[in-house]
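Colleague: Give me coordinates for this.
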Amino acid sequence: MPSATISDLTAAQLAANSYGQSPKVRSLENTVPLPPGWNALAGVPPDLLRKDSIGFLAGVYADGNQIVISYAGTTNEGTSLLGTGT
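Modeller: Residues are numbered from 1 along each chain as shown. Model (predicted):
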């Protein structure tokens, strides 16, 4: 059976869509839509996809033939990039 691959663009869209799990996303206009044919996999407990204390965000997506686990990583949303918060 040949291995399935996804394009770099599709991988980027799935990764970017993971950021939409954040409660800090102010509107759907600030998210990246899923690529055509891809859907969020139903039945995954939300607490496995988001850990607010460390800024971890993830998504599990399927296109009918493939499943992709994509994550945004740790976003440090609770800290300032400059370190002072000012």
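
Colleague: Sheet partners, orientation included, of the helix or strand of the chain with the lowest mean pLDDT?
Modeller: Here the helix or strand of the chain ranked lowest by mean pLDDT, DSSP states H and E is strand 67-74, holding a mean of 81. Partner strands and pairing direction for strand 67-74 (DSSP bridges) are strand 56-62 (antiparallel).

Colleague: buried ones in the partner strand?
Modeller: Within strand 56-62, the residues that count as buried by 16 or more other C-beta atoms under 10 Å are 56-61. From N, CA and C alone the C-beta is placed, and that goes for glycine too.

Colleague: Now flag whichever of those residues is closest to residue 34.
Modeller: For those, the minimum distance to residue 34 (C-beta to C-beta) is 6.7 Å, reached by residue 61.

Colleague: what's the pLDDT at the closest one?
Modeller: Looking at residue 61, its pLDDT is 95.

Colleague: residues contacting it?
Modeller: Contact analysis of residue 61 by C-beta atoms under 8 Å, 6 or more residues apart in numbering lists 14, 17, 34, 38-41, 67-68, 70.

Colleague: tell me which residues form a beta bridge with it?
Modeller: Beta-bridge pairing of residue 61 under DSSP bridges involves residue 40, residue 68.

Colleague: so where do the helices sit in the chain?
Modeller: Per DSSP state H, the chain carries helices over the ranges 8-18, 46-49.

Colleague: From those helices, pick the one with the highest average neighbour count.
Modeller: helix 8-18 (a mean of 17; mean count of other C-beta atoms under 10 Å).

Colleague: centre of the chain versus that one, how much separation?
Modeller: On the basis of C-alpha atoms, centre = their mean, to the nearest Å, helix 8-18 sits 8 Å off its chain's mean C-alpha point.
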